[in-house]
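Q: A structural model of the following input is requested.
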Amino acid sequence: MVKHEFTSVIIRRIEQDLHVSGEELIKFSPLLEYINIKTRSANKGSKSRGSFANLYAIYVLLEDYIKIVFEEHKNYSEYEGAVFSRIFKRQRELPFGAKLQNHAMNHRLNEEFHKYFPTITEQVILRDIPTSRYWINKNLVVIKYNNKKYDLSKTIIKIIDLYINTKRDAFENFINTCEELQNIGKQDEEKVFQFIINLLDYNSEARLFEIVSYAILKYFYHDKKIFWGYSPNELKEENLKLYKTGRTNANDGGIDFVMKPLGYFFQVTETLDIKKYFLDIDKLEHYPIRFVIKTTEDRDAIYEHLRKGAYEQYGIEKIVNRYMDSIEDVVNIPQLIHLFNEAVKMGYLNNILNEIVIQSKIEFNYLE
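A: From the prediction side, this is the model:
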């Protein structure tokens with residue numbers, strides 16, 4: 001069993017509700033063990049990635065299960081199933097859930113569950129594709145332990161609620177810190193500087209890393225100008241402007257940042273998985289792309305790693321060169337820090353902090 005800081009909260013909740021050893025029940029129940037795994041970021045603060053999508057899929061289906069079994073006193077095996085549109089809407093009403101997609105409900109949760117428990121044939125979510133109806137797998141919710149049946153549904157709801165509250169408190173502390181720094185920015189720029197540097201840590205949450213990267217790149221290029229036009233006598237002067245093109249870390253197949261008018265494409269990633277890079281290159285039909293990578297690895301070593309991976313995958317010099325030529329630049333954490341220092345010299349420290357606050361509130365669906 002995986003143990004982390006939040007495990008003790010889960011154990012305590014189980015023991016209060018079910019009057020049985022929480023640790024033993026987690027080991028016995030794959031669903032509880034999965035939830036224990038998915039809540040390990042709870043006490044790591046705002047910079048650690050939250051696992052809301054899969055947990056919320058479980059949450060809304062358990063809410064539906066509780067309504068059918070405990071409130072309406074119906075036989076769950078005869079239940080026609082939850083309507084997708086309703087549970088999807090409910091999922092988006094939960095804290096941090098406003099922009100969640102349907103991947104967890106349709107396949108991702110079941111796939112990940114089997115990754116952790118390959119010998120278990122049960123699926124967490126059952127669905128009827130033609131009717132778009134969904135059920136939680138009752139065999140994983142109601143378990144027999146020490147010759148006694150335990151219904152885990154209400155306890156799991158409480159556990160996820162505790163996880164949500166912990167993550168929300170951490171994020172609200174982060175926002176409060178940002179806003180305090182906004183107020184003292186000009187009086188204590190060193191404090192603001194160090195705060196942003198810490199957000200570029202290798203262990204930072206993926207979405208925050210993307211947000212901070214965007215803010216730094218936006219203001220590094222902010223004062224840069226180019227002259228362009230259709231003839232030498234009709235040139236326009238224009239500042240470079242970076243645009244965010246979608247939700248951060250969204251697995252939506254999109255490109256993260258686009259720069260106008262140069263047409264630079266930026267893709268932010270926290271992995272050195274070769275296939276991920278080549279997939280991004282393929283979907284752009286080998287249009288030049290700049291990768292912003294959450295790593296401290298040397299840039300030359302990154303290029304070498306990618307070239308070696310290309311040879312292992314394709315083995316043909318012409319194909320390898322075509323992929324490598326599509327990588328216009330790689331920006332690692334040390335390079336981001338360098339660009340940040342340059343932007344600070346240009347007087348954009350507080351602008352970068354303000355951008356981080358704005359983008360974080362949008363990304364995490366933070367309400368004043």
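Q: how deep is Thr296 tucked in, by neighbour count?
A: Look at Thr296: counted by other Cβ atoms under 10 Å, it has 12 neighbours. (Glycine included, C-beta is placed from N, CA and C.)
Q: do the same with Glu93
A: When counting by other Cβ under 10 Å, one arrives at 10 neighbours for Glu93.
Q: Can you pull the phi and psi angles for it?
A: With angles defined as degrees, to the nearest 10, Glu93 sits at phi -80, psi -20.
Q: Next: the one 10 residues further on.
A: The main-chain torsion angles of His103 are listed as degrees, to the nearest 10 and equal phi -60, psi -40.
Q: How many neighbouring residues does it have?
A: Residues lying near His103 (other Cβ under 10 Å) number 15.
Q: so what pLDDT did it get?
A: Looking at His103, its pLDDT stands at 78.
Q: Surely Ala57 is in contact with Arg92?
A: No - under the criterion of Cβ atoms under 8 Å, Ala57 lies out of contact with Arg92, with a separation of 11.8 Å.
Q: more neighbours, these two?
A: More crowded of Ala57 and Arg92, by other Cβ under 10 Å: Ala57, with 26 against 15.
Q: which SS state does that one fall under?
A: Under the three-state scheme (DSSP: H, G, I helix; E, B strand; the rest coil), Ala57 adopts helix.
Q: Give the buried residues for stretch 94-106.
A: 94-97, 100-101, 104-106 (16 or more other Cβ atoms under 10 Å).
Q: any idea which of those residues is the one closest to Ile293?
A: Gln101 (24.2 Å; Cβ to Cβ).
Q: mind checking which helix or strand the closest one is in?
A: Gln101 belongs to no helix or strand when assigned by DSSP states H and E.
Q: Distance of it relative to Lys89?
A: Separation of Gln101 from Lys89 (Cβ to Cβ, to the nearest Å): 13 Å.
Q: Let me have the buried residues of stretch 94-106 in CSV, extended by distance to Val258.
A: Output for the buried residues of stretch 94-106, formatted as CSV (distance: Cβ to Cβ, whole Å):
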residue, distance to Val258
Leu94, 31
Pro95, 30
Phe96, 26
Gly97, 27
Leu100, 24
Gln101, 21
Ala104, 28
Met105, 30
Asn106, 29
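Q: The residues you listed in helices, which ones?
A: In helices, judged by DSSP state H, none of the buried residues of stretch 94-106 are found.
Q: Looking at those, which one is closest to Ile281?
A: Out of the buried residues of stretch 94-106, the member with the shortest distance to Ile281 (by Cβ to Cβ) is Gln101, at 23.7 Å.
Q: For that closest one, what are phi and psi?
A: Main-chain torsions, Gln101, degrees, to the nearest 10: phi -100, psi -170.
Q: Equivalent analysis for Ser21, please.
A: phi -60, psi 120.
Q: now do Asp329
A: For Asp329, the backbone dihedrals are phi -170, psi 160 (criterion: degrees, to the nearest 10).
Q: I'd assumed Ser8 was in a helix, is it?
A: Yes - the assignment for Ser8 by three-state DSSP puts it in a helix.
Q: residues near it, how many?
A: Ser8 sits with 13 neighbouring residues when counted by other Cβ under 10 Å.
Q: What separation is there between it and Thr155?
A: For Ser8, the distance to Thr155 (Cβ to Cβ) stands at 15 Å.
Q: Check Thr269 too.
A: Look at Thr269 and Thr155: by Cβ to Cβ, they are 37 Å apart.
Q: So which residues of the stretch 101-250 of the chain form helices?
A: Counting by DSSP state H, counting those that start in this stretch, the stretch 101-250 of the chain has helices at residues 103, 109-116, 138-141, 153-184, 189-199, 206-220.
Q: circling back: which one of the buried residues of stretch 94-106 is nearest Leu31?
A: For those, the nearest to Leu31 is Ala104 (14.7 Å; Cβ to Cβ).
Q: just checking, the closest one touches Val60?
A: No - with contact defined as Cβ under 8 Å, Ala104 does not count as touching Val60 (10.1 Å).
Q: before we move on, back to that, most widely separated two among the buried residues of stretch 94-106?
A: Pro95 and Asn106 (22.2 Å).
Q: check contacts around Thr155.
A: 13-14, 17-18 (Cβ atoms under 8 Å, 6 or more residues apart in numbering).
Q: Redo those residues as a markdown table? Include secondary structure, distance to Lys186 and neighbour count.
A: Formatted as a markdown table, these follow (DSSP: H, G, I helix; E, B strand; the rest coil; distance: Cβ to Cβ, whole Å; neighbours: other Cβ atoms under 10 Å):
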| residue | secondary structure | distance to Lys186 | neighbour count |
| --- | --- | --- | --- |
| Arg13 | helix | 46 | 17 |
| Ile14 | helix | 50 | 25 |
| Asp17 | helix | 51 | 16 |
| Leu18 | helix | 55 | 17 |
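Q: Glu189 reaches Leu349, doesn't it?
A: Yes - at 5.7 Å, Glu189 counts as touching Leu349 under the criterion of Cβ under 8 Å.
Q: Between the two, which is the more surrounded one?
A: Between Glu189 and Leu349, counted using other Cβ under 10 Å, the more crowded position is Leu349 (20 against 15).
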